[in-house]
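A.B. asks: kindly generate the corresponding structure for this input.
(4 chains)
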Amino acid sequence: MEKTLLTREQVAERIAQDLHDGAIVNLGIGIPVLVSNYVSNDAEIIYQSEQGVLGMGSVAKPGEEDPDLVNASKQPVTLVPGGSFCHHADSFAMLRGRHIDIAVMGGMQVSEKGDLANWKVKGAELGSIGGAMDIALGSRKLFIAMTHTSKDGGFKIVKELDYPVTALRCVDRIYTDMAIIDVTSEGLVLKEVAPGLNAEDVQKVTEARLIVSNELKEMSI
Amino acid sequence: MEKTLLTREQVAERIAQDLHDGAIVNLGIGIPVLVSNYVSNDAEIIYQSEQGVLGMGSVAKPGEEDPDLVNASKQPVTLVPGGSFCHHADSFAMLRGRHIDIAVMGGMQVSEKGDLANWKVKGAELGSIGGAMDIALGSRKLFIAMTHTSKDGGFKIVKELDYPVTALRCVDRIYTDMAIIDVTSEGLVLKEVAPGLNAEDVQKVTEARLIVSNELKEMSI
Amino acid sequence: MINKIVNSVDDAVKDITDGSTILFGGFGGAGVANELISALSRQGAKNITAVSNNCGYYEKGLAKLIMDDRISKIICSFPLMKESYIFKEKYKEGKIELELVPQGTLAERIRAGGAGIEGFYTPTGVGTEIAAGKEEREFDGTPCVLEKAIKADVALIKAKKADRWGNLIYNKSGRNFNPIMATAAKITIVEVDEIVELGELDPETIVTPGIFVHRIVKKGGL
Amino acid sequence: MINKIVNSVDDAVKDITDGSTILFGGFGGAGVANELISALSRQGAKNITAVSNNCGYYEKGLAKLIMDDRISKIICSFPLMKESYIFKEKYKEGKIELELVPQGTLAERIRAGGAGIEGFYTPTGVGTEIAAGKEEREFDGTPCVLEKAIKADVALIKAKKADRWGNLIYNKSGRNFNPIMATAAKITIVEVDEIVELGELDPETIVTPGIFVHRIVKKGGL
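C.D. replies: Below you'll find the model as predicted:
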């Protein structure tokens, strides 16, 4: 089998398999926002969005946009039956108060302790935080979706962050275009690899040491 | 003229004269709750009640009671047009956050610095606070309505509280059955006396020293 | 499919364990989950820490739980109403511990517990016996005391209408502590007058979104 | 009689002074008081501290105020959108100071300002550059940073409907920061789509009670 990396869509598809029926989910911008496209129609998932929307539906069709109904990326969206609106302090009471089952977010770096960097490039003067710091700490489970390495091939799963921290010890699971890795008290555990890859392929592009799960398997996409 | 003390109703009537059109007012139990009976019909006063009612109306008529619409004394009341409901944290955001123009409250003791005691009898094991501590500090103006002396003739307007404190330096004006006294940075200023009384009569039953206002007058009831 | 509707109040409270911290919604008699409290009375859990504005009336509801020595501690703002004589007796017998909290601080501590805020500084209580043992600090000349979040195992609340997701609306001042208590418990159980179809509640008017609700029972049974 | 309706946006903002701290409602383009901000632009007040989730788009609204060097400091969570190029230019020129705040902390600081809470402890920001210089403290094993209330001179907010008391309802996620900003300013000025009779808004559905509102102007004029 050829060693190909997963596409962004395939990473999103794989994450969608791990959202259980009834889950309350916050999806960040980038790969995460694609996840909802792959959720089974049998599962009733409630999407929360930081600007005060619980029960966010799909992107609004042309002609049906309301400039006052947007997602976190400021695109016009819809609301599903059962959805509701609240103000920003109440929305972040949900996000900070551990009421969100799963948040899926992009990442620039994740450390072996589960520390996350994703709001500012190393050495940059400016960055935007938005809801990232609150959501990273406040969600019951935090999934990170990202490419396994940076564009120039640099490590993103590292021993210690050298990018500005978003939150410490917050990541539960990392989904990359090569692997699924759990953050545990023992360290990073390699759970699944992309079709055609093996543990060694993944370790080579991972600065932090990976513990290979006894149940290591290929992702099914 | 005979030296008679004001009735509870007369104290309430006099306080009502000092509520301006448009004021947002919180009335405590006892004399304060009577105040609304004496407000001019020309004035639009909005009554806030701690359990989450803004725009509280009169006591409900028999047959029109709703057990879910009560005042702070747990009596059935009504809501006026323009009134609204909110939850307890939002209600105390109003009360603590200095959004109430005038609160009127009963008092056991007031000190010359404007400290208030009204939640627990001296030496008692138990007392009820309710909203008193929040309202005393959080209102823009705090009016105290009380008898000038205790039942056994003891001082209630004192140099230092010896009853348990409700809040420090919170009282703006004291209305008693004998006088109206302002708390100022200079000390207590006697502004008005009940018909037939003079400053000396009031000072005799007041432990704290009273500064007699140059504009001292008889209350008009 | 999400369906938080439970068949009976007894089912709804059956797994509450001894030693639980329980939030009881209501202000006086307004917005009290009477049937859930009766079910808790039948259920038997003891050594409960209760959080409630009042201490129950006569020998019913929360007062019955106190009478039966099921409540070991109560956190409240207004314990002394003449209808709360059971509390007073039990307090004098040393059967129940009291943590007296100003009403606004009680509300804010519960809200903080639900919002992931661990503590806050309020001017309320400075210079009073409530501040004893608490850290004081000045902010721009305003002295404040540090108060800590209240988080609970269970909330027993009352609402007017719910849908199967647990979205709630309330009736008038029956709202009171209920919406904030809903946010601060691991398991929030709601007694409602009416259950409606999903989508029937106007999204602009939902006071408690379903995210904070775990079990719904209809008053008087389904 | 209480009547908070003002004839024009220019009248509504005319007394805003140089050096004011101003809360700007909205999230992206949702729930932004565009006409009030344009009026403020005409009005001329400068040396403003702005509190806003974003830094304005293109060369309009808040971005125009920044372009005209009217904003000396901005407190926000998300300054870098590609449409916010004016902010970026002015920041690089040293013409505007930035206080970057996590979005939830920004919301909570504003809410605290309106609620008389002077400071609070949040886990958000611990171990990040946001925590620099802030007090840290652990609560039951959760490390937190101390954040302080934001209080403002003026709030410029957007709502859907108002009555003459200033009771407000909003449109969908146009709600966002507007209700909390309404509570945290000495003068809250609201731009609304529609003014209705007193009593027309359902008391159960009013999001911002009139107690928090001082001036109302109708979008597009009366």
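
A.B. asks: and A:V33, how many residues sit next to it?
C.D. replies: A:V33 has 21 neighbours, counted by other C-beta atoms under 10 Å in any protein chain shown. No exception for glycine: its C-beta is placed from N, CA and C like everyone else's.

A.B. asks: SS state for it?
C.D. replies: Recorded secondary structure, A:V33: helix (DSSP: H, G, I helix; E, B strand; the rest coil).

A.B. asks: swap in the one 4 residues further on?
C.D. replies: Taken by three-state DSSP, the conformation at A:N37 corresponds to helix.

A.B. asks: list the contacts for A:G97?
C.D. replies: A:G138, C:G113, C:G114, C:A115, C:G116, C:T183 (C-beta atoms under 8 Å, 6 or more residues apart in numbering or on different chains).

A.B. asks: if we use 7 Å, what do you get?
C.D. replies: A:G138, C:G114, C:A115, C:G116, C:T183 (C-beta atoms under 7 Å, 6 or more residues apart in numbering or on different chains).

A.B. asks: sec struct for the second one, please.
C.D. replies: Here C:G114 is helix, with the state taken from three-state DSSP.

A.B. asks: and the pLDDT at the nearest residue to it once chain neighbours are set aside?
C.D. replies: Of all residues not flanking C:G114 in the chain, C:T183 sits nearest, at 2.7 Å (C-beta to C-beta, 6 or more residues apart in numbering or on different chains). C:T183 carries a pLDDT value of 98.

A.B. asks: next, C:T183: phi, psi?
C.D. replies: Main-chain dihedrals, C:T183, degrees, to the nearest 10: phi -80, psi -20.

A.B. asks: that one against C:I117, yeah?
C.D. replies: No: the criterion here is C-beta atoms under 7 Å, and C:T183 misses it with C:I117 at 11.1 Å.

A.B. asks: quick one, helices of chain A?
C.D. replies: For chain A, applying DSSP state H gives helices covering A:8-16, A:31-34, A:88-96, A:132-138, A:199-204.

A.B. asks: same deal with chain C?
C.D. replies: Taking DSSP H as the criterion, chain C carries its helices at C:9-13, C:34-43, C:61-67, C:85-92, C:103-115, C:178-183.

A.B. asks: and these as CSV, adding distance to B:S220 and mean neighbour count?
C.D. replies: As requested, those are arranged in CSV below (distance: least, C-beta to C-beta, whole Å; neighbours: other C-beta atoms under 10 Å in any protein chain shown):
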stretch, distance to B:S220, mean neighbour count
helix C:9-13, 59, 22
helix C:34-43, 50, 20
helix C:61-67, 48, 23
helix C:85-92, 44, 18
helix C:103-115, 36, 29
helix C:178-183, 45, 30
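
A.B. asks: pretty sure A:V171 sits against A:S111.
C.D. replies: No: applying C-beta under 7 Å as the test, A:V171 and A:S111 come out as separate, 8.4 Å apart.

A.B. asks: quick one, which of those two is more surrounded?
C.D. replies: A:V171 (26 against 23).

A.B. asks: tell me who's in contact with the more buried one.
C.D. replies: So A:V171 contacts A:V110, A:G114, A:L116, A:L142, A:I144, A:V183 (C-beta under 7 Å, 6+ apart).

A.B. asks: again with C:E194
C.D. replies: C:E194 makes contact with C:K160, C:K161, according to C-beta under 7 Å, 6+ apart.

A.B. asks: run through the bridge partners of it.
C.D. replies: C:E194 has these beta-bridge partners by DSSP bridges: C:K161.

A.B. asks: pull the contacting residues for A:L34.
C.D. replies: A:L34 touches A:R8, A:E9, A:A12, counting by C-beta under 7 Å, 6+ apart.

A.B. asks: could you measure from it over to chain C?
C.D. replies: Using C-beta to the nearest C-beta, to the nearest Å, one gets 23 Å for the distance from A:L34 to chain C.

A.B. asks: how deep is A:E64 tucked in, by neighbour count?
C.D. replies: Residues within reach of A:E64, counting by other C-beta under 10 Å, total 10.

A.B. asks: do you know how far C:D10 is from chain D?
C.D. replies: 31 Å.

A.B. asks: skipping adjacent residues, who's closest to that residue in space?
C.D. replies: Leaving aside its chain neighbours, C:D10 sits nearest to C:A39 (5.0 Å; criterion: C-beta to C-beta, 6+ apart).

A.B. asks: check contacts around that neighbour.
C.D. replies: Applying C-beta under 7 Å, 6+ apart, we find C:A39 in contact with C:V9, C:D10, C:A12, C:V13.

A.B. asks: likewise for A:G83?
C.D. replies: Residues near A:G83 by C-beta under 7 Å, 6+ apart: A:V53, A:L54, A:G55, A:M56, C:P203.

A.B. asks: A:M56 touches A:A72, doesn't it?
C.D. replies: No: counting by C-beta under 7 Å, A:A72 is not a contact partner of A:M56; they are 9.2 Å apart.

A.B. asks: mutual contacts of those two, please.
C.D. replies: Joint contacts of A:M56 and A:A72 (C-beta under 7 Å, 6+ apart) are A:S49.

A.B. asks: for B:I102, state which of the contacts of A:G83 is nearest.
C.D. replies: Closest approach between the contacts of A:G83 and B:I102, by C-beta to C-beta: C:P203, at 37.1 Å.

A.B. asks: so what pairs up with the closest residue in space to the closest one that isn't next to it in sequence in the strands?
C.D. replies: Closest residue in space to C:P203, ignoring its immediate chain neighbours: A:S84 at 4.7 Å, by C-beta to C-beta, 6+ apart. Taking DSSP bridges as the rule, A:S84 bridges to A:L54.

A.B. asks: how about A:I102?
C.D. replies: Note on A:I102: beta-bridge partners by DSSP bridges are A:V25, A:K141.

A.B. asks: tally of neighbours for it?
C.D. replies: Neighbour count of A:I102, defined by other C-beta under 10 Å: 22.

A.B. asks: same check on A:E65?
C.D. replies: The local packing of A:E65 (other C-beta under 10 Å) involves 15 other residues.

A.B. asks: mind listing what it touches?
C.D. replies: For A:E65, the contact set (C-beta under 7 Å, 6+ apart) comprises A:P76.

A.B. asks: residues from chain C in reach of chain B?
C.D. replies: Taking C-beta under 7 Å from any C-beta of the partner chain as the contact definition, chain C meets chain B at C:27-31, C:77-80, C:91, C:100, C:102-104, C:107-108, C:111, C:122-129, C:171-177, C:179-180.

A.B. asks: and the gap between the residue lying farthest from the centre of chain A and chain C?
C.D. replies: Within chain A, the residue lying farthest from the chain centre (C-alpha atoms, centre = their mean) is A:G63, at 30.6 Å. To chain C, A:G63 is 21 Å away according to C-beta to the nearest C-beta.
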